[in-house]
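Undergrad: Compute the structure for the input listed below.
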Amino acid sequence: MKPVRKKSQALPNQPRVHRVAFMLNDDESKVVDRYLQKYKIQNKSRWYRETILTHILRTLEEDYPTLFKETEMRR
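TA: Residues are numbered from 1 along each chain as shown. Down below sits the predicted model:
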């Protein structure tokens, strides 16, 4: 039986080489830590990556180009 590979694992031919860094204030950090603890998320880096990329992909999917404006399509 093949081991199941999680979606966010780096592949040998696609290593993660681009570092992203940002700062949080005390309140933001407490909120994130509380969330991670409540939902028992152990890999903070993976959680940040998946959360950010999910948001980006969802936004791009909603903003796809169309021939008509949304109001014209709803008539």
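
Undergrad: C-alpha coordinates for the longest helix along the chain, CSV please?
TA: Counting by DSSP state H, the longest helix found in the chain is helix 44-62. C-alpha atoms of helix 44-62 as CSV (Å, rounded to 0.1, in the frame of the first residue of the first chain):
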residue,chain,number,x,y,z
LYS,A,44,2.1,26.6,12.0
SER,A,45,4.1,27.1,8.8
ARG,A,46,1.8,24.7,6.8
TRP,A,47,-1.3,26.3,8.3
TYR,A,48,-0.1,29.8,7.2
ARG,A,49,0.8,28.5,3.8
GLU,A,50,-2.5,26.7,3.2
THR,A,51,-4.6,29.5,4.6
ILE,A,52,-3.0,32.1,2.4
LEU,A,53,-3.0,30.1,-0.7
THR,A,54,-6.6,29.0,-0.2
HIS,A,55,-7.6,32.6,0.0
ILE,A,56,-5.7,33.5,-3.1
LEU,A,57,-7.0,30.7,-5.2
ARG,A,58,-10.6,31.3,-4.0
THR,A,59,-10.3,35.0,-4.9
LEU,A,60,-8.8,34.3,-8.3
GLU,A,61,-11.6,31.8,-9.0
GLU,A,62,-14.2,34.4,-8.2
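
Undergrad: residues making contact with the helix or strand following it?
TA: Toward the C-terminal end, the helix or strand that comes next after helix 44-62 (DSSP states H and E) is helix 70-73. By Cβ atoms under 8 Å, 6 or more residues apart in numbering, the residues outside helix 70-73 that reach it are residue 66. Where C-beta positions appear, they are placed from N, C-alpha and C, glycine not excepted.

Undergrad: Likewise for stretch 13-28?
TA: 10, 32.

Undergrad: end to end, how far does it reach?
TA: The first and last residues of stretch 13-28 sit 35 Å apart, counting by Cα to Cα, to the nearest Å.

Undergrad: gap between that stretch and the chain center?
TA: Distance, stretch centre to chain centre, for stretch 13-28: 12 Å (Cα atoms, centre = their mean, to the nearest Å).
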